[in-house]
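Chemist: Coordinates only, no sequence provided:
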């Protein structure tokens with residue numbers, strides 16, 4: 001790859017990372033306005049990552065945030081491999097927080113299209129047990 005090509009690739013990665021952080025911040029604010037309280041952000045463990053861990057009452061929502069051009073492409077980006085890695089990280093978080101084991105546990109998604117309010121999808125996919 002030429003130095004110019006390498007620079008463009010690095011710029012794209014940086015822009016993508018920035019959009020992701022912006023989307024996570026917008027998702028966090030939207031959930032907080034709905035009464036959720038943040039417990040963790042960008043939690044990584046067991047080879048997976050959870051963008052947000054939120055609590056409302058006796059519910060723990062493990063949240064995947066997807067910032068994409070459309071809601072459909074955002075939801076489609078949460079594929080089987082992503083759900084599996086996400087579930088492993090959720091199990092690791094629960095192992096580190098055993099007091100939350102008797103709470104209602106969900107895998108939520110927040111889809112963040114440009115110039116629109118984020119869409120919260122409660123119980124977007126099942127958490128895998130193993």
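Modeler: That came through, no problem. Model, not experiment: these values are computed from the prediction.
Chemist: Quickly note the distance from residue 116 to residue 62.
Modeler: To residue 62, residue 116 is 23 Å away according to Cβ to Cβ, to the nearest Å. For glycine as for every other residue, the C-beta is placed from the backbone atoms N, C-alpha and C.
Chemist: Distance of the residue nearest the centre of the chain relative to residue 102?
Modeler: By Cα atoms, centre = their mean, the chain has its centre lying nearest to residue 64, at 2.1 Å. Remark: distance between residue 64 and residue 102 (Cβ to Cβ) = 23 Å.
Chemist: What's the first helix or strand after the host helix or strand of residue 32?
Modeler: Element membership for residue 32 (DSSP states H and E) is helix 3-33. Secondary structure here is assigned by DSSP H and E; on that basis, the next helix or strand after helix 3-33 toward the C-terminus is strand 37-45.
Chemist: Can you give the contact residues for that next one?
Modeler: Taking contacts as Cβ atoms under 8 Å, 6 or more residues apart in numbering, the residues outside strand 37-45 that touch it are 24, 28, 31-32, 49-56, 60, 88-89, 92-93, 96-97.
Chemist: for residue 54, what are its contacts?
Modeler: By Cβ under 8 Å, 6+ apart, the neighbours of residue 54 are 31, 36, 37, 38, 39, 60, 61, 63, 108.
Chemist: Can you point out the buried residues in the helix or strand harbouring residue 121?
Modeler: Of the helices and strands defined by DSSP H and E, residue 121 is found in strand 119-125. By 16 or more other Cβ atoms under 10 Å, the buried positions in strand 119-125 come out as 120, 121, 124, 125.
Chemist: Any stretches of this structure with poor pLDDT?
Modeler: Judged against pLDDT under 70, the low-scoring parts of the chain cover residues 1-6, 8-21.
Chemist: Right, I'll leave it there.
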